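> Turn this into a structure:
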Amino acid sequence: MRVLHIITGPLAFGGAEVMLYRLIAASRSGEMSHEVMSLTELGVIADRIRELGVPTHALGMPRNRFRIPDPVRLVRLAAFIRASRPDVVQTWLYHADLLGGLAAKLAGGPRIFWGLHNSTLDPTHTRRTTRWTASVCAKVSRWIPDGIVTVSMTARDLHVAAGYDPGKFVLIPNGFDVTTFRTDPALRREARAEFGLPEGAFAVGMVARLDPQKDHANFIRAAALLARRVTDARFVLCGLGAEPENADLARALAEQGVRDRFHLIGRRNDVPRVMNALDVCTLSSSFGEAFPLAIGEAMSCGVPCVVTDVGDSAHLVGDTGRVVPPRDPAALAGAWETVARLEPGARQRLGLAARERIAQYFALPRIVERYADLYRRALASALPAPSLNAGR
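Next up, the predicted model:
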């Protein structure tokens, strides 16, 4: 099966972009061949995809053209699809769903699947152009895609309520590489020494860019509460913006009196190393999560997780961690304390249960097979009926 992926771009470290890379990297058995087109420009994920030997292209569409789609580039994209002759066009994110879907229709031939990775269209947190694009997608969802892949039940329900065709949805969650993300005691010792975590410290961490969605203010307020009750508690922030040089972040930590408890390590490319250093991983998001990669990665490393009840985070964690309401630092601190007070053996068993849950339900090969099966069934239904004279 020839699969052309069309993504809004740039191919940077977003959840959809990372999942696209993982899907391609894990599906190299020969059944599927892949090609990637970014509507805008390329990025670091594109380099990794190219290293897999997968052709990767950029249409070069300026972002401001999303407000009024450029018909010239739309025709160019349709011509590219016609020349590439994919069996399936899989789009990723709203603008790619709309423009890639239209171009694939113009090209004729391929089966078309949209990809949804967002669980909010709140005007407070969502750009007007994104909301407009999602609204148009809802109107044409009965006509353009053969199916709509969504990573979470929350995202499905949101978009059905927004007018998307409910009969088109297929739920395929994000997948996790349990061989890369695994428990590693040696890595834990090395990472904790590198980050400056004291011997015996109870390390609470979050791997997330500084963004209103992630609600670092909630995390910091909860940390101040826990620090008063658990004397050896330390906090690790990893992600773009979580650097010691960030004056706003330093000010927020100082205001809560916890600057000396925090270890700010910025964006890292060795996330398994970071996860192994933690005793509990958390996500304090207040909105917009669908099926968060960071939590599944931590669970795969055998780290118990505490999450806010946003998107499908609670479903991902199941009974292997703790779930608290968003924007409630007291509840978040209380859940951390519950994990901190567990006997070491009980905490380890919780982490093992978390890893087992990922391996059983969300391991990457299982997720790749669900995409492959979706495409197989779609292509089989497009085949002409067998001739009555077949075999004579």
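
> how about the helices in the stretch 101-250 of the chain?
Along the stretch 101-250 of the chain, the segments classed as helices by DSSP state H, counting those that start in this stretch run 128-140, 153-161, 185-195, 216-229, 247-255.

> so which of the ones you listed comes closest to V3?
V3 sits nearest to helix 128-140 of all the helices of the stretch 101-250 of the chain, at 20.6 Å, using CB to CB. The way it works is simple: take the backbone N, C-alpha and C, and place the C-beta from them, glycine included.

> by contact count, what packs against the closest one?
Helix 128-140 sits against helix 94-107, with contacts defined as 3 or more CB pairs under 8 Å, 6 or more residues apart in numbering; DSSP states H and E.

> what pLDDT, on average, does the helix it packs on get?
Mean pLDDT, helix 94-107: 94.

> cool, stretch 150-161 as well?
94.

> C-alpha coordinates for that stretch, PDB please?
Extracted C-alpha coordinates of stretch 150-161, given in PDB (Å, rounded to 0.1, in the frame of the first residue of the first chain):
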ATOM      1  CA  THR A 150      -9.100  10.400  15.900                       C
ATOM      2  CA  VAL A 151      -6.700   9.600  18.700                       C
ATOM      3  CA  SER A 152      -9.200  10.100  21.600                       C
ATOM      4  CA  MET A 153     -12.800   9.700  22.500                       C
ATOM      5  CA  THR A 154     -12.900  13.200  23.800                       C
ATOM      6  CA  ALA A 155     -11.800  14.600  20.400                       C
ATOM      7  CA  ARG A 156     -14.400  12.400  18.600                       C
ATOM      8  CA  ASP A 157     -17.200  13.700  20.800                       C
ATOM      9  CA  LEU A 158     -16.100  17.300  20.400                       C
ATOM     10  CA  HIS A 159     -16.100  17.100  16.600                       C
ATOM     11  CA  VAL A 160     -19.300  15.200  16.300                       C
ATOM     12  CA  ALA A 161     -20.900  18.000  18.400                       C
END
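
> and the protein, what are its domains?
Residue ranges for each domain of the chain read 2-175+364-382, 185-361, as given by automatic domain parsing.

> I'd like to know which of these has the weakest mean confidence.
Note on those: domain 2-175+364-382 shows the lowest mean pLDDT, a mean of 89.

> now that domain: how far from the chain's centre is it?
14 Å (CA atoms, centre = their mean, to the nearest Å).

> quick one: the strands in this structure?
2-7, 33-38, 56-58, 88-92, 111-116, 147-150, 169-171, 202-207, 233-238, 262-266, 280-283, 305-308, 322-324 (DSSP state E).

> Ok, which of the ones you listed comes nearest R221?
Once these are compared by CB to CB, strand 233-238 is nearest, at 11.7 Å.

> ok, that closest one: who's next to it in the sheet?
Using DSSP bridges, the strands paired with strand 233-238 are strand 202-207 (parallel), strand 262-266 (parallel).

> export that strand as PDB, just CAs?
The C-alpha trace of strand 233-238 is given here as PDB (Å, rounded to 0.1, in the frame of the first residue of the first chain):
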ATOM      1  CA  ALA A 233      10.300  16.500  47.200                       C
ATOM      2  CA  ARG A 234      12.000  17.900  44.100                       C
ATOM      3  CA  PHE A 235      10.500  19.000  40.800                       C
ATOM      4  CA  VAL A 236      11.900  18.500  37.200                       C
ATOM      5  CA  LEU A 237      10.600  20.600  34.300                       C
ATOM      6  CA  CYS A 238      11.600  19.500  30.800                       C
END
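
> which parts of that strand are buried?
233-238 (16 or more other CB atoms under 10 Å).

> For T133, find the nearest of the strands paired with strand 233-238.
Nearest to T133, of the strands paired with strand 233-238 and by CB to CB, is strand 202-207 at 28.8 Å.

> Which residues does the closest one contact?
Outside strand 202-207, the residues within contact range by CB atoms under 8 Å, 6 or more residues apart in numbering are 192, 197, 214, 216, 219, 223, 226, 230, 232-239, 271, 274-275, 277-284, 294, 297-298, 336, 340.

> Go again with 6 Å.
197, 219, 230, 232-239, 278-282, 294, 336, 340 (CB atoms under 6 Å, 6 or more residues apart in numbering).

> just stretch 232-249 next, same as before
By CB under 6 Å, 6+ apart, the residues outside stretch 232-249 that reach it are 197, 200-210, 223, 226-227, 261-268, 274.

> give me that answer again for 8 Å
By CB under 8 Å, 6+ apart, stretch 232-249 touches 13, 195, 197-198, 200-211, 214, 216, 219, 223, 226-227, 250, 258, 261-268, 271, 274, 277-278, 336, 340.

> Which members of those residues are classed as buried?
Applying 16+ other CB under 10 Å to those flags 195, 197, 201-208, 210, 214, 216, 219, 223, 226-227, 258, 261-265, 271, 274, 277-278, 336, 340 as buried.

> Adding distance to R366 as columns, could you present the helices of the stretch 101-250 of the chain in CSV?
Output for the helices of the stretch 101-250 of the chain, formatted as CSV (distance: least, CB to CB, whole Å):
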stretch, distance to R366
helix 128-140, 28
helix 153-161, 17
helix 185-195, 25
helix 216-229, 31
helix 247-255, 38
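
> So which of those helices is nearest E356?
helix 185-195 (18.1 Å).

> Buried residues, that closest one. List them.
187-188, 191-192, 195.

> Turn those into TSV, columns for distance to G53.
Compiled in TSV, the buried residues of helix 185-195 are given as follows (distance: CB to CB, whole Å):
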residue	distance to G53
L187	29
R188	34
A191	32
R192	37
F195	36
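
> wait, which of those residues is closest to R2?
Nearest to R2 among the buried residues of helix 185-195 is L187, at 38.6 Å by CB to CB.

> got the CA coordinates for stretch 331-350 in CSV?
Taking Å, rounded to 0.1, in the frame of the first residue of the first chain, the C-alpha atoms of stretch 331-350 are listed here in CSV:
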residue,chain,number,x,y,z
ALA,A,331,-5.9,18.1,44.4
LEU,A,332,-2.7,17.8,42.3
ALA,A,333,-0.4,18.1,45.4
GLY,A,334,-2.6,15.6,47.3
ALA,A,335,-2.3,13.0,44.5
TRP,A,336,1.5,13.5,44.4
GLU,A,337,1.6,13.0,48.2
THR,A,338,-0.4,9.8,47.9
VAL,A,339,2.2,8.4,45.6
ALA,A,340,5.1,9.7,47.7
ARG,A,341,3.7,8.0,50.8
LEU,A,342,3.6,4.6,49.2
GLU,A,343,6.1,2.0,50.3
PRO,A,344,8.8,1.6,47.6
GLY,A,345,7.5,-1.8,46.7
ALA,A,346,4.0,-0.5,46.2
ARG,A,347,5.2,2.4,44.1
GLN,A,348,7.2,0.0,42.0
ARG,A,349,4.2,-2.3,41.4
LEU,A,350,2.2,0.8,40.3
